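Trainee: Pasting the sequence and the predicted model now:
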Amino acid sequence: MKTIKKIFLILLVVFVVAQIFGPQKNEGKFASIDAFLAETNPPEDVKLILKESCYDCHSDVTRYPWYNNITPVNYWLAAHVNDGKKHFNVSNWVGNSVKRKDHKFEELIEMVEEKEMPLKSYTWTHTEAKLTDAQIKSVVDWAKLVRVKYALMSKAE
């Protein structure tokens with residue numbers, strides 16, 4: 001029994017010390033999204049959907065829940081955010097070519113239509129981010145219009 005108590009005490013100390021450390025937070029400014037919004041011109045309902053369902057993982061602006069202060073959960077969340085930004089980051093939209101932007105919108109349409117985005121693990125704790133069929137249609141319709149714009153821009157180049 002003493003061995004179990006020692007192991008528990010060691011694990012408790014490691015857990016407490018681990019709380020001092022954590023990954024860097026993704027705390028940008030909403031202004032980083034302005035170029036994306038200006039270029040893609042989403043309607044108001046889509047803007048709200050993007051804010052509630054996308055920006056936390058796909059921009060430099062992340063709203064962190066209270067449990068992000070607990071190690072190792074904060075590392076798990078940071079990995080999700082970094083992975084999301086790697087695939088689609090609206091905060092660095094300006095630096096992308098028209099071809100890349102169009103491809104990102106093609107992927108966006110596919111992921112939203114197939115209900116792969118937002119992730120189920122995200123909507124478990126952010127129920128407001130779960131998209132209805134009407135919201136999916138709004139996002140997809142907007143994204144298709146943006147793709148038309150990018151197709152016209154590609155032809156003009």
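Mentor: Right, received. Where do you want to start?

Trainee: which residues of this protein fall in strands?
Mentor: If DSSP state E is used as the criterion, the chain turns out to lack strands entirely.

Trainee: where does it have low pLDDT?
Mentor: Applying pLDDT under 70 to the chain flags residues 1, 8, 10-23, 25-31, 157.

Trainee: Which residue ranges of it form helices?
Mentor: If you assign secondary structure with DSSP state H, the helices in the chain sit at 2-18, 34-40, 44-53, 55-58, 73-87, 98-113, 120-123, 133-156.

Trainee: what's the most buried one of those?
Mentor: Here the criterion is mean neighbour count by mean count of other CB atoms under 10 Å, and of the helices of the chain the winner is helix 55-58, at a mean of 23. Backbone N, C-alpha and C define where each C-beta goes, glycine included.

Trainee: I'd like to know which elements it is packed against.
Mentor: For helix 55-58, the contact count by 3 or more CB pairs under 8 Å, 6 or more residues apart in numbering; DSSP states H and E identifies helix 73-87 as packing neighbours.

Trainee: now the angle from the helix it packs on to helix 98-113?
Mentor: If you take axes from the mean of the first three to the mean of the last three CA atoms, to 10 degrees, helix 73-87 sits at 130 degrees to helix 98-113.

Trainee: Could you tell me how far E44 is located from W142?
Mentor: Between E44 and W142 the computed distance is 11 Å (CB to CB, to the nearest Å).

Trainee: Having no further points to raise, I will conclude here.
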